[in-house]
Each structure stands twice: as structure tokens, then as C-alpha cells.
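[1] sequence? don't have it. structure:
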């Protein structure tokens, strides 16, 4: 019984969301980020679906630069919510696996000044993959515009 009380007390002092340094993005922030990841096997059957708007390693300045570049490439819509205009930028990353492994995070990275830089990382419990599996991550970014 004392172990349960101690365990509960520890989670009151150190909530799970804060203990790993995760940042919850919300509409109205400088940038709202949402990612949906699906893994399908070689037959196309859905194996894993994950989504989140909570990230670690959220690199605001590098992410802003990335979004400025991405917005210059396409026709990303502007929407109005409660009188505020927002730009919606949606991009898809795909990856095929050629060996077995365990994926424990979904990462968006970019080449900044010749170095691979993490822009955002969604840490999760992980999922196993085998050769022939494919991962598709749809990243949605919403940022206020004037």
C-alpha cells in the first residue's frame, strides 16, 4: 500500500508530460504542430497509427526557417479562425524499411548550414518494423499570419 501512495505522490510532483521535457503545441502558439504517422506492412495493411501535438526537441527558430522555405514552394492555404488568419502547411514524409528494428520516435529534421538538425521530435512507446514495412508521417503546421 505504501508503494502505491509513494508512486502516486511522485507523479503529482513530476507529471509524465513534463518529466520528459515535452512541449504541447496549441492553436494560437507561434506554431501549432501536429503529426500523424502510419506504418503499413508489405501487403498495405495498417500496422500502426500514432498522432500527437506534443513534442520534445522543438527547435522554434529552425522550424520557422523551414516553414518559410516550405511556404515559398507551394500554395498553402490561409484560413480564418475567430478573426485571426492562419497559414496551414502540410507535408508528408515517407520511409521504407529494409530490416527489422524498433522505432521509438518520429523526427522531422532539416539540413541547416550543412548539418542535420532536428526540428521536432515526437517520442512514443515505439513499434517494431520489419523489412517491407513503410512509414508515412503527415506533418501539419499552423501558424498565424497577418
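    Nice, thanks for sending it over. All figures in this text were calculated on a predicted structure; none of them were measured in a lab.
[2] next SSE after the lengthiest helix in the chain?
    Selection of the longest helix in the chain by residue count, based on DSSP state H, yields helix 60-73. Scanning the chain past helix 60-73 towards its C-terminal end, the next helix or strand to appear is strand 78-81 (assignment: DSSP states H and E).
[3] one step back: who does the longest helix of the chain touch, helix- and strand-wise?
    Where contact means 3 or more CB pairs under 8 Å, 6 or more residues apart in numbering; DSSP states H and E, helix 60-73 is packed against strand 84-96, strand 101-112, strand 115-129, strand 134-145. Heads up, the C-betas are built off the backbone N, CA and C, glycines and all.
[4] nearest to residue 26, of those?
    Between residue 26 and those, the shortest gap by CB to CB is with strand 134-145, which sits at 10.0 Å.
[5] stretch 139-146: how far from the chain's middle?
    Stretch 139-146 has its C-alpha centroid displaced from the chain centroid by 14 Å (CA atoms, centre = their mean, to the nearest Å).
[6] quick one: buried residues of that stretch?
    For stretch 139-146, the buried set under the neighbour-count rule, 16 or more other CB atoms under 10 Å, comprises 139, 141, 142, 143.
[7] what sits up against stretch 61-77?
    Contacts made with stretch 61-77 from outside it, assessed by CB atoms under 8 Å, 6 or more residues apart in numbering, are listed as 30-31, 33, 87-91, 110, 112, 117, 119-120, 141, 143.
[8] nearest to residue 104 among the residues you listed?
    Using CB to CB, residue 120 comes nearest to residue 104 of the contacts of stretch 61-77, at 15.1 Å.
[9] quick one: contacts for the closest one?
    With contacts defined as CB under 8 Å, 6+ apart, residue 120 is in contact with 33, 35, 55, 57, 58, 59, 63, 107, 108, 139.
[10] that one pairs with what?
    Here residue 120 shows beta-bridge partners residue 108, assigned using DSSP bridges.
[11] ok, residue 102 next?
    Applying DSSP bridges to residue 102 yields these beta-bridge partners: residue 128.
[12] all set, thanks.
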